[in-house]
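Novice: Got a sequence here, can you build the structure:
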Amino acid sequence: MLHATKGIVLRAVKYGETSLVVSIYTELFGLQSYLINGVRTEKRTSAKANMFQPTTLLDMIVYHHPHKNLQRIKEAQLLYVKNFQGAEVVRYAIGIYMVELIQKAITETETNAELYQFFDESFSHVLHEAEGRLSNFPILFTLLFAEHLGFGIQNNYSPETPLFNVQSGNFIAENEWIIPHRIDREHSRLISEILWAQHTDIQMSGSKRLELLLICLQYLQLHIPQMSDLKSVPVLHEILS
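Specialist: Reported below is the predicted structural model:
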């Protein structure tokens, strides 16, 4: 049966001599795998291989069979005129980080239109926001992603509770004995400010930005045990520093 859906390409793997198996997070069906035949050739075709590279946002007509592991795409076109392929290196690096994080955190094929909308808006923001205002966006994206997954941070930061507890996801008093999982005052304040303001204009050094991002990822990993480290983080740090 044919369906119209949007999707974000997360991964593309070569299959045979001319085909691809592409992992796409879709609006209608959640995480799905699609077999794309004949795109890795020099012949003229409406579906070129570069349309199915990670970070690409697509508008698609797809065949969907609930009991099949591999689906098919009838038609696909770019969702936005501007996309990450050929974009500035900062935008591309952030896009690759977001794609890898989604891959690491989501393994189930559950439909979640609200989560897809969050992804769509986030990728669109990175594509269209002024480049100089994107440096802290990976931190905000990671924090909001946790919220959409059902374990958002309780922003109860105050002078009485100034330390972030990575394990419980809230802010605690200094005399509470949870040393292995609590974060110092400065990093805790920055996490609270980013969550409260929901923007990324806060000034900080590249090293501070990396430390905050690693704290956010540690929080996710405590809630998603199967989530491994992200290879894109060192590259992202080098580009944003």
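
Novice: Going by C-alpha atoms from here, please, whenever you check contacts or count neighbours.
Specialist: Will do.

Novice: So what are the structural domains in this structure, by residue number?
Specialist: Domain assignment for the chain by automatic domain parsing gives 2-78, 89-240.

Novice: Please tabulate these in a markdown table, including the columns mean neighbour count and mean pLDDT.
Specialist: Below are the domains of the chain laid out as a markdown table (neighbours: other C-alpha atoms under 10 Å; pLDDT from 0 to 100):
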| stretch | mean neighbour count | mean pLDDT |
| --- | --- | --- |
| domain 2-78 | 18 | 87 |
| domain 89-240 | 17 | 91 |
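
Novice: separation between the residue of the chain most remote from its centre and P138?
Specialist: Within the chain, the residue lying farthest from the chain centre (C-alpha atoms, centre = their mean) is N175, at 35.3 Å. To P138, N175 is 31 Å away according to C-alpha to C-alpha, to the nearest Å.

Novice: Check T107 too.
Specialist: Distance from T107 to P138, by C-alpha to C-alpha: 21 Å.

Novice: does L10 sit in a helix, a strand or a coil?
Specialist: Using DSSP: H, G, I helix; E, B strand; the rest coil, the structure places L10 in strand.

Novice: so it makes contact with M51?
Specialist: No. Under the criterion of C-alpha atoms under 8 Å, L10 is not in contact with M51, lying 11.8 Å apart.

Novice: Give me the nearest residue to L143, chain neighbours excluded.
Specialist: Nearest in space to L143, with sequence neighbours left out and distances taken as C-alpha to C-alpha, 6 or more residues apart in numbering, is C216 at 6.5 Å.

Novice: Using the three-state scheme, assign that neighbour.
Specialist: helix.

Novice: try V90
Specialist: Per three-state DSSP, V90 ends up helix.

Novice: Kindly report the same for K104.
Specialist: Per three-state DSSP, K104 ends up helix.

Novice: tell me the phi and psi of the most centrally placed residue in the chain?
Specialist: When C-alpha atoms, centre = their mean is applied to the chain, the residue found nearest the centroid is M98 (2.8 Å). Backbone torsions of M98, given as degrees, to the nearest 10, read phi -60, psi -40.

Novice: Wait, it touches I139, no?
Specialist: No. Proximity of M98 to I139 does not meet the contact threshold set by C-alpha under 8 Å, at 10.3 Å.

Novice: who touches T56 in this structure?
Specialist: Counting by C-alpha atoms under 8 Å, 6 or more residues apart in numbering, T56 makes contact with I8, V9, L78, N83, F84, Q85.

Novice: what pairs with the first one across the strands?
Specialist: With DSSP bridges applied, the residues forming beta bridges to I8 are Y25, L57.
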